[in-house]
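Engineer: the following block contains a protein sequence and its predicted model.
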Amino acid sequence: MDFGIKRNIVNSLAALGCSLIIVPADTPPQEILDFKPNGVLLSNGPGDPKDALYGAETASALIGKVPLFGICLGHQLLASAFGGDTFKLPFGHRGSNHPVKDMEKGRVYITSQNHGYAVKAESLPKELKITHCSLNDGTIEGLRHVKLPVFSVQYHPEFSPGPADSFYLFNEFLAML
Amino acid sequence: MACELAEMGVLEKEGVRLLGTSLNSIQMAEDREKFKIMLKSIGEPVLESEIVSTVEDAVKCAEEIGYPVIVRPAYTLGGTGGGMAKNEEDLRTVAAKGLKYSLIGQILVEKSVVGWKEIEFEVMRDSADNCITICSMENIDPMGIHTGDSIVVAPVQTLTDREYLRLRSASLKIIRALKIEGGCNIQFAVDPNSFDYYVIEVNPRVSRSSALASKATGYPIAKVATKIAIGKTLDQIKNEVTGKTFACFEPAVDYVVVKIPRFPFDKFETADRKLGTQMKATGEVMAIDRTFEGALNKAVRSLEINTFGLYQPEFMNYSREELLKMIKEATDQRLFYIASALRKGVSVEEISKVSGIDAFFVGKINNIVNMRKRLEEVAHYKEKELPKKLIEEAKRMGFSDYELAQIFNTSETEIRRLRKQWKIEPVYKMVDTCAAEFEAETPYYYSTYEKENEVSSIKGRKIAVIGSGPIRIGQGIEFDYCSVHCVWTLKEEGINAVIINNNPETVSTDFDTADRLYFEPLVLEDVLNVLEEEKPEGVIVQFGGQTPINLSGELQRHGIPILGTSVENIDRAEDREKFDRLLKKLDIPRPPGGTAFTVEEALEIAEKLGYPVLVRPSYVLGGRAMEIVYSKEELYKYMTTAVKVSPKHPVLVDKYIEGKEVEVDAIADGRDVLIPGIMEHIERAGIHSGDSIAVFPPYSLDQKTEQKIVDYTKKLAISLKVKGLINIQFVVKDDVAYVLEVNPRASRTVPFMSKVTGIPMIKIATKAILGKTIREQGFLPGLYHGKNKTAAVKVPVFSFAKLAEVDTGLGPEMKSTGEVMGIDRNFENALYKGLISAGIEIPSHCSILVTVADKDKEDCVEVVKGYAELGYSIYATEGTAKALMKHGLKVKKVNKIRDKSPNILDLIRQGDIQFVFNTLTKGKEPERDGFKIRRVAVEHGVPCITSLDTFKMLLKILKTKAGGENTSIMSLQDYFS
C-alpha cells in the first residue's frame, strides 16, 4: 500500500525476488485481496497518521487474512488498526544515526529515521508486543502480533540513505509469506 | 606486549585475564596470513601479495595478481630498493634491484593500489555484538603515504552514499568476524574509477586515528572501549557530551575537520622529505570549521611553521614543470606546491591526475588560491576603502588577518580594527556529537564566520590557559601535562578554566578536561578572538612551552592581563642584552662571549675567548644552527656557509665550557623560591639538554656547588619577580657554576621532576600565580629534601631509524622525539631501567666498534680498556686502533669505508659488530664517514653512542651488573609511601 513509498523499499523487495503490485493508499481491502498477494506492506508516508486513518481501516480488514509488514507511517497505521493511539513527538526522529534496541535480542541497531509521530505504549492491546525501542527517548520503534503474521517498525530497514543494519527485516517478512 | 605475555605463559601463571579484545582476535588482525584467510571467509576483498626470492617467481606472482604491482624488499628502511612495476619488463628490473637491496634476499610482490583513495573507519563493538561506526575519515593524500603523514579530513568527502554504506557495512562485518570488544580502526583502499575496494589493514586497538576521530566527533573512543572491556555494553554507557543519550549511536558531524601532520624537517635540514609508507611526522594539528577551506587554512596556521596561508612567494620561482614534478613526488610541502601551481594557472584536473589527490580537494585549494587573487586585484587598484564584502568572504574561507594585512600592505591590527568596525567577527559553534539534536552538557567550540553564536556564558571566575600546539622536537607532550595540571588546579580552586589548543592527540583537548575548550590555532588573531569572547580575568602563558610565551607580549598590548610572571620580566630573561645586564648586576657568572656582526668580528671574539667556542645565530630559537667550533678554520667555514651574518642578523659567539651540565626547575611566589630538586646531565654541556640523560639527584655534585646553584636560582627567581615556574641551565667547571639559559616558564623536565620528587609542581605554581604563597600552601622554601632515597633518570628517545639522511650524532641542536624515565633505589638500576625503556640494550658479550675524533682518542682509552676487561672484543678504525694499541689494548683493525670489502659498513651490515661508539668530527654532510657509520648502525638496529660520557656511564652500569636481582619492582606511589 503506497502512502508515499520510498523508492528503495520497492527496490529492496524486488531485489529479494518479489513480484510487486503497488496499490494507491485508498484502495479498498477486497480489491487488494483480489490480487491474491502473499503479503501486504504498508509503506511510509508523510505527516500525522490520524490524517490517514482510512489506511488503518483497510489494514484492520486485512489482519489475519494475509501477512502484514508496516514501515514508518505503515507502522503507525497498523498500531491504529489494533486500536492503538499515536502522538506528536516533542522532537521528531530525523537522521541516519538513531539507535534502536531490539528488546528480545538485547541488540542495538543503528537506523535511518524520519518521523514526527509515535505510537502510545499504553494504548496498545495485549496481543501487540513491543519489539523495538528508541535508545534515545524510549519511544516505540517496533511491534509484532503475538499470534498473527503481523509486524512493523517505525524506522527504515531499507538503506540509502542510512545504514543497512536492519535489512534482515525484509527477510523476516519474506519468511512469513 | 599482550601477545608476548600470553605466549610466555605469564598471564596464565599469574591468573591475569586479558580484558576487552581477546588474544585470538589480536592475532587474527595482526598476522598477515590469518588476516587474509579471515577476510576471504567473510567475502571481503584483500590485497593479493606473495613473498618471493627470485625474479622468475616475482613474474609468476604478478601474472596471478595482475599488474601494476609493488615490490618491497624485506628489511630495508623506508622501502629502499622497492618500486612499482606496470608490466613484466618493469618488474624484472625492479625485482632484481629489490632482491639486491634486501638483506635476506626476499621481496614482497603486492597488487598496487597506489593512487587509490585511502578511507578509514573507526568502529566499536561490545560483548553483546552491538556494532557502531564512530567516524569516517578520508586521507587527502591517496594510498602510498602513511596515514600519519597524510592530510586527513573527516567526515569522508568524496564518496557517494552507496559507496560509503558499502564500506560501513564491510567495517561492521569485519569487526564482528574479529570479535573485537572495544574499538578498532579499519583502512580501505577505494578505486576512484570503479566501485572496487580492498581492506588494507585492521588495527585491533585504539590508534592515532581513534584519537583524531574522538576529537573530530566528541565521542570518547578510549573511554567507551575501557567500559566495554570491563563488561558494559554500548547501550548501558552514557554519552557524556549530551549527558542524556547513550554511547550506542553514531555521531553526527555538522562541520568539517582537517588534520595536518607536523614534520620535524625544520630541525632536520638534511632529512629526506619524501613521504611514503614510513611515518615521519612527530605530531599533528586539527582544525574545525563549517567549510573545508576554512578548516584547511586554520590547520595551516596551527602548524607554527611561520606560515599563515597557502601562498608561499618563494615557491612561485619554480616553473610549472618543476612544481608538477614536486607535486608528483609527495613531500610535506606538497600542499603549498599545489597552491603555487594553481596560482600559475595549472588546471585542477592536471594536478589531480599528477598527485592522485581527488579533484574535489584540489578544487577547494583552488578556491583559496582564487580568493587570494581576487583580494590582490582589489589591493592592486588601491581603492580608498578596503573591500568589506570580499574580506567577509575571505574570512569565511579561513584567511588570517595576517595574510589579509600582507595583501593590503597594512598591519594585522588595522585589519582587526576594520573587521570589528564592520562587525565581521567570528562566532563559535559546538561539537556536541549530535548536531544539536539534544542539548549538550559538555560541548567544545570552534570558530567560524557565520551569524549565530552558540556560546553560552558561564558564571563565576574564569581564567584561560593557552596550550602548546602540535608535538614537535623541543615542544612535546610534557607541556600538555603542564597545561592539564594547571586546568585541574584552577577547577580545584573553583575557577572556570578555558583552554585553547589545536592538538588532537592530547589530554588538554579532551572535552572533560577544562570547563571550556576551544579548538583554535595558537596565533594572535585566533587566541585574541577567544579571549574577547570569553573575557577571562586573565590568561596563563607559562605552561604551554614557548608558543604562549611568544604570544604574551602581543596579548598584553591588546589589553589581556597576563597572569604569573610579567611580560616585562619574561622579556628580561629572553632578551640577551637585558639578561646579561641582570646577571652582571646579580654577580652571577655566565660563559664569556660577544655578538658579532661580521665574519671578522666573530674571529676576533673567538680569538679573545680561546677555542672551542659555541656559535649560533641570534635570531633563531631552540638551538637551531648552533655549533661548537674548535678552530679558526672551522669558525670561518661556519660563518661563511652555515649562517649569513649581517648587521640585522648577528651571530653570538660564546666560550664553550666543557663542563658538567646541571638543570633546575623552581617555583616562586614573588617572595620565596621552592626548588624541588637539581638534575645533573650525564653528557657534558654541548649536547642539547633535551638529548642528554638527566639524573636526579645529582651523582657528582659537591655541596658547595649545589649551594651556589640554589643561591643563583633564588636570586634569579626573585629579581625576575617570577610567579610560577622558572627553569635554569648551568654548566659547572672548576667550582664555577655558569648560567647558560633561563626559561621563565615550565620546562620539559617539570613532569619528570614532579614524578620523582612527589612535589606537585604545576599545582603549587598555579596556586602561586593565583596569589597563594608557597608557605601558605604548606611547603618550605629552599631546596626540598625528600625523605625517600630514590634515584631517577630521564633518557631521550630518538626516531633516527625512521628519518633517512639524518645525522644521529648529538650536539647543541635537539634531535630526540620523546623520553622515558627509569626509577629505582639506586642510580645504576634507575639508569639501567631507563636505557632498556629507551630501547638501548647492550649484549653482555659482543663486538664494539670504536671510532673517535682525534680530540677524544686519548680520553677514550681508559673506557675502552674497561670494556675489553669485561670481555668485549674491540674493533677500531686505523687512527683509533693505533691510539688504543699504543696503550696495549687488543684491537681488530677494520677497513675504512673507501677501503676494500669487508669495510666498516659491511661488518655492521653483516652483524659482526653489535655496538658502535663514534664521536663526532665536525660537519653534517652525508658524505662523511662518521655520518655513514652512524646511519648504517641505526638502520640495522645497532646501538650507536656518540658521547664519551654516555659511553663511560654505560660501562659503569655494565660493571655493576645493574638490572639484576636487586632491581626493585615498585609502583611510583610506593616510593613515596
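Structural biologist: Everything's here; your move. Numbers count the residues shown, from 1 in each chain, chains lettered A, B, ... in the order given.
Engineer: can you pull the residues of the stretch 201-350 of chain B lying near chain A?
Structural biologist: B:233-235, B:245-246, B:248-252 (Cβ under 8 Å from any Cβ of the partner chain). For glycine as for every other residue, the C-beta is placed from the backbone atoms N, C-alpha and C.
Engineer: adding secondary structure, neighbour count and pLDDT, write those out as JSON lines.
Structural biologist: JSON lines is the format used below for those (DSSP: H, G, I helix; E, B strand; the rest coil; neighbours: other Cβ atoms under 10 Å in any protein chain shown; pLDDT from 0 to 100):
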{"residue": "B:Thr233", "secondary structure": "coil", "neighbour count": "21", "pLDDT": "95"}
{"residue": "B:Leu234", "secondary structure": "helix", "neighbour count": "23", "pLDDT": "95"}
{"residue": "B:Asp235", "secondary structure": "helix", "neighbour count": "18", "pLDDT": "93"}
{"residue": "B:Thr245", "secondary structure": "coil", "neighbour count": "20", "pLDDT": "86"}
{"residue": "B:Phe246", "secondary structure": "strand", "neighbour count": "18", "pLDDT": "89"}
{"residue": "B:Cys248", "secondary structure": "coil", "neighbour count": "27", "pLDDT": "92"}
{"residue": "B:Phe249", "secondary structure": "coil", "neighbour count": "25", "pLDDT": "90"}
{"residue": "B:Glu250", "secondary structure": "coil", "neighbour count": "24", "pLDDT": "92"}
{"residue": "B:Pro251", "secondary structure": "coil", "neighbour count": "24", "pLDDT": "93"}
{"residue": "B:Ala252", "secondary structure": "strand", "neighbour count": "17", "pLDDT": "91"}
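Engineer: now the residue of the stretch 501-650 of chain B found nearest chain A. Its backbone dihedrals?
Structural biologist: Nearest residue of the stretch 501-650 of chain B to chain A: B:Phe511, at 18.9 Å (Cβ to the nearest Cβ). Dihedral angles of B:Phe511 (phi, psi; degrees, to the nearest 10) stand at phi -70, psi -20.
Engineer: look up the pLDDT of it for me, please.
Structural biologist: Here, the pLDDT recorded for B:Phe511 equals 93.
Engineer: gap between the residue lying farthest from the centre of chain A and A:Val66?
Structural biologist: The C-alpha centroid of chain A is most remote from A:Asp34, which lies 22.5 Å away (Cα atoms, centre = their mean). Distance, A:Asp34 to A:Val66, using Cβ to Cβ, to the nearest Å: 12 Å.
Engineer: what's the answer for B:Ile762, then?
Structural biologist: From B:Ile762 to A:Val66 the distance is 72 Å (Cβ to Cβ).
Engineer: looking at the two, which one has more neighbours?
Structural biologist: B:Ile762 (26 against 19; other Cβ atoms under 10 Å in any protein chain shown).
Engineer: near chain B, which residues of chain A? Just list them.
Structural biologist: Residues of chain A lying near chain B (Cβ under 8 Å from any Cβ): A:91, A:95-99, A:101, A:106-108, A:110, A:135-136, A:159-165.
Engineer: tell me the strands beside the longest strand seen in chain A, with direction?
Structural biologist: Across chain A, the longest stretch assigned as strand under DSSP state E is strand A:86-102. Using DSSP bridges, the strands paired with strand A:86-102 are strand A:108-119 (antiparallel), strand A:128-134 (antiparallel).
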